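**Q** the sequence and its predicted three-dimensional model are supplied below.
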Amino acid sequence: MEDYKHPAEPFRIKSIESIALRTREEREQILKEAKYNIFKIKAEDIYIDLLTDSGTGAMSTTQWAALMLGDESYAGARSFYRFENIVKGITSKKHIIPTHQGRVAENVFFSTVLKRGDYIPNNTHFDTTRANASHKGGIPVDFPCPEAAIADELPFKGNMDTRRLESFINEKGADKIPVVFMTVTNNSMGGQPVSMANIKETAAICKKYGIMFFFDCARYAENCYFIKHYEPGYESKTIKKIAQEMFSYSDGALMSAKKDGLANMGGFAAVNDDDLAQRMIELLIIIEGFPTYGGMSGRDMDTVAVGLAEALNEDYLAYRIGQIEYFGKIIERAGAPIIKPTGGHAIFIDAGKFLPHIPSEEFPGQALAVELYKEGGIRGVEIGSLMFGGYDPVTGEKITALRELVRLAVPRRMYTGSHLDYVAEIVGKIAKKKGELGGLKITRQSSYLRHFTVELEKLAMNRIGIV
Ligand SMILES: *Cc1c(COP(=O)(O)O)cnc(C)c1O
């Protein structure tokens, strides 16, 4: 059997946090009480938490030190200027608007630019982006590249389908499309990266039709690492240079600093247009705070400023991307099909393929997520028909997701290679008895982001003729 190697961590551990595994009986009871919604399980009852890589990473000693330097002045804090300086250095945008999370940047932006019935194309919307766009009256549309749906290992499966984008613009009219988004890396499409060529092409289309071009750039540093290693012409450029080029094609960006900001909280909008920035800031003051803190404390802005710089470090990124690659290999070897190649922040188990006897309507991804907890105290998240399904608000038609995935996201600088080995061992145990797993049924749900609050119950196995 092939031997895979976890990259040596480019750091050592200075402070630890204990974790413990509950007994099987306790885990079964916990699942029942959580109504089979893993978001409702208490963190202390989780052994390995791969729910998200958002805000869950470990900060460096430099970030903890920066925290003490936080300037908590209401207006014009030094922390803001340090934060603004680093964000400007990367994005080269004129106005940096701090927010406490990415979704507030989305709220402020969409509330300002959208008219009811406007379309927002994206390579693929992330869930909060989709929800914010529709909540403000917009119609989010996704144009993932055709290669995203095939099994081949291609390097840039996060790309935008630029041909479909352009024909969509021609069909609906540019006046119905205020902005086109590019999500880097493409979170909902397996964390796959987008190539610089595709970014340039998309930007050129937007320019041709006079449409703004924005990044949803939570994981831009990871995306730049992929560009450096897989796109000809970038091998000898620094990650920062690649990032600067990438942002130079855009009119702005929205970022959740809880990912490549290597911080536990934070975000921003970066925009060039003076009038747009002014209108966004007016709303920011009402819902978040004064424009030099926007919902963050001074110390938060300092940890983000340091984190943004650390995330551009190549040793860190090589370890980060290498860790995910290793994780994908050992999960596959354990018997679960995954989306390949592995992306930047997570591995995605194809639960639809893994559990072909469970139909989409019965949420095979959620069935696997529940089993991972039951078997090993592991928390992942379903990204499939539970997250994206439901009913079309216009036609009332039933929607199921393109694919039924379970994401195992890896918090940054947090778990070691042996933690990941443990997860693979549990996946191997589940693979051996996967035919025994049954589906789930929704008993309660909300209209937006239903996966956060949904309640479910287990379906009896023999209901669909499987014993
Ligand atoms: C996390 C994320 C967001 C939302 O950011 P929050 O900080 O969680 O509000 C938006 N887009 C993408 C691609 C993300 O990964």
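**A** Cool, the structure landed.
**Q** could you use CA atoms for every contact and neighbour count after this?
**A** OK.
**Q** these two touch, right, E147 and M160?
**A** No - counting by C-alpha atoms under 8 Å, E147 does not reach M160; the two are 10.0 Å apart.
**Q** which of those two has more neighbours?
**A** M160 (29 against 16; other C-alpha atoms under 10 Å).
**Q** once you drop chain neighbours, what's closest to that one?
**A** N123 (4.5 Å; C-alpha to C-alpha, 6 or more residues apart in numbering).
**Q** what is the burial count for E201?
**A** Neighbours around E201, by other C-alpha under 10 Å: 16.
**Q** same check on the one 5 residues further on?
**A** Around C206 sit 23 other residues, with neighbours defined as other C-alpha under 10 Å.
**Q** can you check D260 too?
**A** D260: 27 neighbours (other C-alpha under 10 Å).
**Q** which residues of the stretch 1-150 of the chain lie near the ligand?
**A** Selection of the stretch 1-150 of the chain residues close to the ligand by C-alpha under 6 Å from any ligand atom yields 54, 101-103, 126, 128-129.
**Q** quick one: which of those is most hemmed in?
**A** That'd be G102 among those, by other C-alpha under 10 Å, with 25 neighbours.
**Q** which strand or helix spans M182?
**A** strand 179-183 (DSSP states H and E).
**Q** what's that strand packed up against?
**A** Strand 179-183 sits against strand 119-122, strand 212-216, with contacts defined as 3 or more C-alpha pairs under 8 Å, 6 or more residues apart in numbering; DSSP states H and E.
**Q** what does it contact?
**A** For strand 179-183, the external contacting residues (C-alpha atoms under 8 Å, 6 or more residues apart in numbering) are 120-126, 160, 199, 206, 211-218.
**Q** now the buried members of the residues you listed.
**A** 120-125, 160, 199, 206, 211-218 (16 or more other C-alpha atoms under 10 Å).
**Q** centre of the chain versus the helix-or-strand element of the chain with minimal mean pLDDT, how much separation?
**A** Within the chain, no helix or strand scores below strand 390-391, which has a mean of 73 by mean pLDDT, DSSP states H and E. How far strand 390-391 lies from its chain's middle: 22 Å, per C-alpha atoms, centre = their mean, to the nearest Å.
**Q** quick one: mean pLDDT over stretch 178-187.
**A** For stretch 178-187, mean pLDDT is 96.
**Q** which parts of it are buried?
**A** 178-187.
**Q** show me what the helix or strand Q29 falls within is packed against.
**A** According to DSSP H and E, Q29 maps onto helix 24-33. For helix 24-33, the packing partners by 3+ C-alpha pairs under 8 Å, 6+ apart come out as helix 364-376.
**Q** measure how far the helix it packs on is from the centre of its chain, please.
**A** With C-alpha atoms, centre = their mean, you get 20 Å for helix 364-376.
**Q** and that helix, average pLDDT?
**A** Mean predicted lDDT for helix 364-376 stands at 98.
**Q** quick one: buried residues of that helix?
**A** 364-376.
**Q** among those, which are within reach of the ligand?
**A** Counting by C-alpha under 6 Å from any ligand atom, no member of those reaches the ligand.
**Q** ok, back up a step: specify the angle between the helix holding Q29 and helix 364-376 in degrees.
**A** Taking axes from the mean of the first three to the mean of the last three C-alpha atoms, to 10 degrees, one finds that helix 24-33 is oriented at 150 degrees with respect to helix 364-376.
**Q** just the strands from the stretch 251-400 of the chain, written as ranges.
**A** 252-256, 267-271, 346-350, 378-379, 381-383, 390-391, 398-399 (DSSP state E, counting those that start in this stretch).
**Q** may I see those organised as a markdown table, with mean neighbour count and distance to P359 added?
**A** Below are the strands of the stretch 251-400 of the chain laid out as a markdown table (neighbours: other C-alpha atoms under 10 Å; distance: least, C-alpha to C-alpha, whole Å):
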| stretch | mean neighbour count | distance to P359 |
| --- | --- | --- |
| strand 252-256 | 27 | 34 |
| strand 267-271 | 26 | 38 |
| strand 346-350 | 27 | 13 |
| strand 378-379 | 26 | 22 |
| strand 381-383 | 26 | 14 |
| strand 390-391 | 16 | 15 |
| strand 398-399 | 12 | 13 |
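**Q** distance from stretch 139-153 to the middle of the chain?
**A** With C-alpha atoms, centre = their mean, you get 16 Å for stretch 139-153.
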